[in-house]
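**Student:** Any chance you can model this:
(chains A and B)
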Amino acid sequence: MKILVPLKRVSDPDNANKIKISAAKVDTAGLEWKPNPFDEYAVETALRLTENGANTKARLGEVVVVSFGPKEVEATLRAALATGADRAIRVDATDDQLDGDLVARALKTLIEKEKPDLVLLGKQAVDGDSNQVGQLLAEYLGWPQATFAGSIKSENDTALLVAREVDGGTMNLRVTLPAVVSVDLRIVAPKSVQSKHTAPTHTYADGVRFAALMAIMAAKKKPLVEVKLAELAADTALKIKYTAFEPPPARKAGVKVKTVAELVQKLKTEAKVL
Amino acid sequence: MSNVLVIAELVDGHVRKSTHSAITFARNAGAPFSILLIGAGAQAAAGELAAFGAAKLLVADDASLKDALAERVAPTVAAVAKAGGFDVVVVTASSFGKDLAPRVAAKLGAGYAPDIAGVKVDGGKLVFRRPMYAGNAYGYCEITTAVKVVSARQSEFTAAEPSGGASPVEAAAVAPADAAAARVQFVSMEAAKSERPDLGEARVIVSGGRALKERFAEVLDPLASLVGAAVGASRAACDAGYAPPELQVGQTGRVVAPALYVAIGISGAIQHLAGMKGSKTIVAINKDPEAPIFQVADYGLVQDLFTAVPELVNELKKG
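**Tutor:** Purely as a prediction, here's the structure:
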């Protein structure tokens, strides 16, 4: 199976409260670039689907990673190559040239050329928090979608049984490939991904795999090509235009209570919520 | 002036309360609106939305729409939007809305503003306010296309109340499904069985973290039952299997804003705060006085939760 994984680098999500906001922009200076966590999960999912869990050195399929951005996003792509992806494509663009719709339309062109069996991506990037590219891409391609996947079982690599995490519980769908699947947090649990190559009894370590030093060195030799945005999308006009930013509304400082009785008393007489 | 199409979400033959937030969006946009009820059994549910002031209730009722799959629902939504000359399509940003809205936008060649927290009309243009960076920034954006699709965050648009009258009901043609629909098959729904209110609608939420371990339900249930609360959980508690995933509150789970949010044994990671810091009153119970949750809590109690929560139940029972 050939899998294409679009990834995005985001400013360190664990320090998102340190971003500086002016009316004109969100300033993330001083924050490290990190791979979007959900996209890292998508890479891990792609690796699990193209290997026998008992021998993760042998890739039984192909994993292609794609990112949009300036030269520096190659670090994000190399990191994915080091964990086991086969090759990488960087679509040259600056962040302010892009919105989710343009990324989806450019990916469509790329995918029609690459012809993967599956596109796996994170359900949202944790900077814009939009949750849109997978669905837009599926529509542009005319492919089925399975969003918010908490587990995936390959049915002989022709279809996937996907458990979607939805508001009311878990919805199980079967999608026939090619398809777009966006992944949720629980996809990297030890038994969330069942490839056709791996024994059902196999248990992965929880979370994403880390690259060994040798693999990081070897990743420098893996193919990474650059493509111009204009080659993938004729119309590069943005559909969303941000005009201003502001910090979130501040909460007034709270108080510490000493006892449960004091807490109840305050909730009843001060906050009046009980 | 805009003409807004509100997409209603149907669950088990009834309109989901989340729909009322999308209606509030339409009212806030100061525009006439119609509501599309789409799904198997939509006709029977139309009465539930009769008195909200919609110009029309459009009903697309067909057995093929029963599982609310985007590949089947989106073509009809797009066709109805085009036929009715609607230039804004809104759905509440539930898992249904988030799955569907981008597909509709792509069909209509429309820009899509996801998970918005506010709308205003500025010089004849609609400007949308939306949370980003786990709620650490709000951006104001415009959609540059003539037709606009948005999803509205339920916790930011207070559920609309009926305004009286009876909107006329009209049948809407069901468009053919996408070719992709032949390649997606609904298998089953493992519905969360709970007598408690939905997280998006509850006035009180009692939410637990990993510290509760296997005693998650044992400790939280008596308190939740006593105050009629919904139960929520941190990501850590869900990942560890102490609570089912649909209870997760946070940036990537449910975003809630109840009158009272009680965080029990939750440290308060940025991602969790993003899902609950809009709550009116926040209580934190945690034995670690340095836990970040105390920075957003109106009332903090530094105590072991295994003694504090039962004590809280007893204190509340005293009346």
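
**Student:** gap between A:Glu74 and chain B?
**Tutor:** Look at A:Glu74 and chain B: by C-beta to the nearest C-beta, to the nearest Å, they are 24 Å apart. C-beta: built from backbone N, CA, C; applies to glycine.

**Student:** Determine whether the claim that B:Ala45 is in a strand is correct.
**Tutor:** No - read with DSSP: H, G, I helix; E, B strand; the rest coil, B:Ala45 is helix and lies in no strand.

**Student:** What's the separation between it and A:Val181?
**Tutor:** B:Ala45 is 31 Å from A:Val181, where distance means C-beta to C-beta, to the nearest Å.

**Student:** Of these two, give the one with the bigger neighbour count.
**Tutor:** Between B:Ala45 and A:Val181, counted using other C-beta atoms under 10 Å in any protein chain shown, A:Val181 has the larger neighbour count: 30 against 22.

**Student:** Spatially nearest residue to that one, not counting backbone neighbours?
**Tutor:** With sequence-adjacent residues excluded and distances taken as C-beta to C-beta, 6 or more residues apart in numbering or on different chains, A:Val181 is closest to A:Ala146, at 4.8 Å.

**Student:** next one: the helix or strand encompassing the one you found to chain centre, how far?
**Tutor:** Element membership of A:Ala146, judged by DSSP states H and E, is strand A:145-155. Relative to the centre of its chain, strand A:145-155 is centred 14 Å away, using C-alpha atoms, centre = their mean, to the nearest Å.

**Student:** Excluding chain neighbours, what is closest to A:Thr158?
**Tutor:** Distance criterion C-beta to C-beta, 6+ apart; nearest residue to A:Thr158, sequence neighbours excluded, is A:Leu177 at 6.1 Å.

**Student:** Can you give the strand pairings for whichever helix or strand comes after the strand holding A:Ala146, parallel or anti for each?
**Tutor:** Using DSSP H and E, the helix or strand that follows strand A:145-155 towards the C-terminus is strand A:159-166. Strand pairing for strand A:159-166, determined by DSSP bridges: strand A:145-155 (antiparallel), strand A:169-176 (antiparallel).

**Student:** what residues does the stretch 201-319 of chain B put near chain A?
**Tutor:** Counting by C-beta under 8 Å from any C-beta of the partner chain, the stretch 201-319 of chain B comes close to chain A at B:204, B:227, B:235, B:238-239, B:244-246, B:248, B:251-252, B:254, B:259-260, B:269-271, B:277, B:280-283, B:294, B:296-303, B:308, B:311-312, B:315-316.

**Student:** Show only the entries of these found in strands.
**Tutor:** The strands, defined by DSSP state E, take in B:204, B:260, B:281-283, B:299-301 from those.

**Student:** how about the helices in chain B?
**Tutor:** With DSSP state H, the ranges of helices along chain B come out as B:19-28, B:42-45, B:70-83, B:95-108, B:216-227, B:235-239, B:270-276, B:305-317.

**Student:** now swap in the stretch 151-274 of chain A and tell me
**Tutor:** For the stretch 151-274 of chain A, the helices defined by DSSP state H, counting those that start in this stretch occupy A:213-219, A:229-232, A:260-269.

**Student:** between these, which gets nearest to B:Ile23?
**Tutor:** helix A:260-269 (31.5 Å; C-beta to C-beta).

**Student:** Please identify the buried residues of the closest one?
**Tutor:** A:260, A:263-264, A:266-267 (16 or more other C-beta atoms under 10 Å in any protein chain shown).

**Student:** what's the answer for stretch A:97-105, then?
**Tutor:** For stretch A:97-105, a neighbour-count test (16+ other C-beta under 10 Å) marks A:98-105 as buried.

**Student:** same thing with stretch B:191-204?
**Tutor:** Along stretch B:191-204, these residues count as buried under the neighbour rule (16+ other C-beta under 10 Å): B:192, B:196-202, B:204.

**Student:** ok, back up a step: and the buried ones among the residues of the stretch 201-319 of chain B next to chain A, selectable in ChimeraX?
**Tutor:** Per 16+ other C-beta under 10 Å, the buried members of these correspond to this ChimeraX selection:
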select /B:204,227,235,238,239,244,245,246,248,251,252,254,260,269,270,271,277,281,282,283,294,296,297,298,299,300,301,302,303,308,311,312,315,316
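
**Student:** Looking at chain A, which residue is nearest chain B?
**Tutor:** Among all residues of chain A, A:Lys239 sits closest to chain B, at 3.1 Å; criterion: C-beta to the nearest C-beta.

**Student:** Now do the contacts for the nearest residue to that residue once chain neighbours are set aside.
**Tutor:** Leaving aside its sequence neighbours, A:Lys239 sits nearest to B:Gly111 (C-beta to C-beta, 6+ apart; 3.1 Å). B:Gly111 is in contact with A:99, A:101, A:239-240, B:105, B:143-145, B:148-149, counting by C-beta atoms under 8 Å, 6 or more residues apart in numbering or on different chains.

**Student:** ok, back up a step: how about the helices of the stretch 151-274 of chain A in a markdown table, adding mean pLDDT and distance to chain B?
**Tutor:** Listed next are these as a markdown table, based on pLDDT from 0 to 100; distance: least, C-beta to the nearest C-beta, whole Å:
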| stretch | mean pLDDT | distance to chain B |
| --- | --- | --- |
| helix A:213-219 | 96 | 26 |
| helix A:229-232 | 97 | 16 |
| helix A:260-269 | 97 | 4 |
